[in-house]
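Chemist: Whatever this is, show me its structure:
(one chain, ligands or ions: 1)
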Amino acid sequence: MTFLVAVGQLTSTANVAHNLRQCQVLVRKAVKAGAKTLFLPEASDYIATSGEEGATLVRPVQESLFVRGLQEEARREKLPIHVGIHEPGEDPHKVKNTVIWIDENGTIAQRYQKVHLFDVDIKGGPVLKESNFVEPGNHILPPFETAIGKVASAICFDLRFPEIGLALKRQGADIITFPSAFTVPTGKAHWETLLRARAIETQSYVVAAAQVGRHNEKRVSYGHSMIVDPWGVVACELGDGEGEPEIATADIDHELLRKIRREMPLARRTDVYPEI
Ligand SMILES: O=C(O)CNC(=O)[C@H](CS)NC(=O)CCC(=O)C(=O)O
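Modeler: Residues are numbered from 1 along each chain as shown. The predicted structure follows:
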């Protein structure tokens with residue numbers, strides 16, 4: 001069985017209403033292309049200039065015009081949407097970096113909170129301290145059954161930790177998602193290699209919707225949203241241009257998944273190293 005899916009790419013800013021309109025354009029394009037699910041980037045609801053600005057924009061999902069707008073789209077188009085957002089933290093000064101699965105009825109059926117936070121200080125490169133304004137999650141979300149297969153959610157910087165992908169695969173994932181907002185220097189150096197490595201070692205589809213371009217005077221994202229097949233082939237990819245939000249589509253082919261897993265079983269030596 002084969003299912004066409006779409007990754008959407010946009011440039012979120014601090015204007016939540018505008019970001020929703022951009023995502024609605026992506027929904028239109030995904031529907032027109034015949035996609036059965038739309039995957040949107042990390043922080044699609046907003047990318048703020050500071051943690052303080054973010055704190056003024058974050059809303060609980062029930063009160064979020066962004067989330068409610070996408071729930072309406074999902075229900076109207078019968079199109080599941082996987083989208084990265086922010087939610088209020090337990091600490092009023094912090095937020096949660098989450099991704100939600102809105103099913104074809106418009107219901108939020110799944111939710112994952114990013115467990116690895118991006119705290120870097122690279123000489124001549126990005127300086128970002130996500131833990132200053134984000135609370136980390138403490139759980140992996142077990143892969144969940146959907147019409148396109150078993151989907152597993154991880155977010156952006158989680159991509160650098162093979163353990164999370166391996167754990168999700170062991171729990172039954174067919175498709176592992178990494179909604180992202182990668183920086184340009186780290187994206188150039190590592191993005192495609194990491195995504196392909198995760199696909200090859202888990203023998204799973206990797207779906208990576210990414211933010212692109214200039215969000216504000218401080219932040220630019222790498223783009224290059226892609227879907228990688230379980231053999232490590234880049235099945236579709238977008239560029240790094242700003243402007244109209246764009247989608248790319250690829251098939252999730254369950255025959256190919258089964259074939260690759262059958263032909264090259266990755267039997268682990270858990271007597272030699274720990275099981276993940
Ligand atoms: O909450 C927001 O506003 C959006 N979140 C992000 O952009 C996050 C945390 S700052 N970005 C990353 O994790 C980039 C990782 C990366 O670039 C790498 O691993 O190289």
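
Chemist: CA atoms for contacts and neighbours, from now on please.
Modeler: OK.

Chemist: Determine the longest helix present in this protein.
Modeler: If you go by DSSP state H, the chain has its longest helix at helix 16-33.

Chemist: which helices and strands does the helix or strand that comes right after it pack with?
Modeler: Remark: after helix 16-33, the chain's next helix or strand is strand 38-39, criterion DSSP states H and E. When contacts are defined as 3 or more C-alpha pairs under 8 Å, 6 or more residues apart in numbering; DSSP states H and E, strand 38-39 packs onto strand 2-9, strand 81-88.

Chemist: Please render those as TSV that adds distance to residue 55, mean neighbour count and mean pLDDT to the earlier fields.
Modeler: As requested, the helices and strands packed on strand 38-39 are arranged in TSV below (distance: least, C-alpha to C-alpha, whole Å; neighbours: other C-alpha atoms under 10 Å; pLDDT from 0 to 100):
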stretch	distance to residue 55	mean neighbour count	mean pLDDT
strand 2-9	24	24	98
strand 81-88	8	25	99
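
Chemist: Out of the ones you listed, which is closest to residue 61?
Modeler: strand 81-88 (7.0 Å; C-alpha to C-alpha).

Chemist: okay, the angle between the helix or strand just after that closest one and strand 81-88?
Modeler: For strand 81-88, the following helix or strand on the C-terminal side (DSSP H and E) is strand 95-102. Counting by axes from the mean of the first three to the mean of the last three C-alpha atoms, to 10 degrees, strand 95-102 points 150 degrees away from the direction of strand 81-88.

Chemist: Pull out the buried positions in strand 95-102.
Modeler: 95, 96, 97, 98, 99, 100, 101, 102 (16 or more other C-alpha atoms under 10 Å).

Chemist: now do stretch 139-149
Modeler: 140, 141, 142, 143, 144, 148, 149.

Chemist: so how far is the ligand from the fourth one?
Modeler: Per C-alpha to the nearest ligand atom, to the nearest Å, residue 143 is found 21 Å from the ligand.

Chemist: what do you get for residue 272?
Modeler: Separation of residue 272 from the ligand (C-alpha to the nearest ligand atom): 30 Å.
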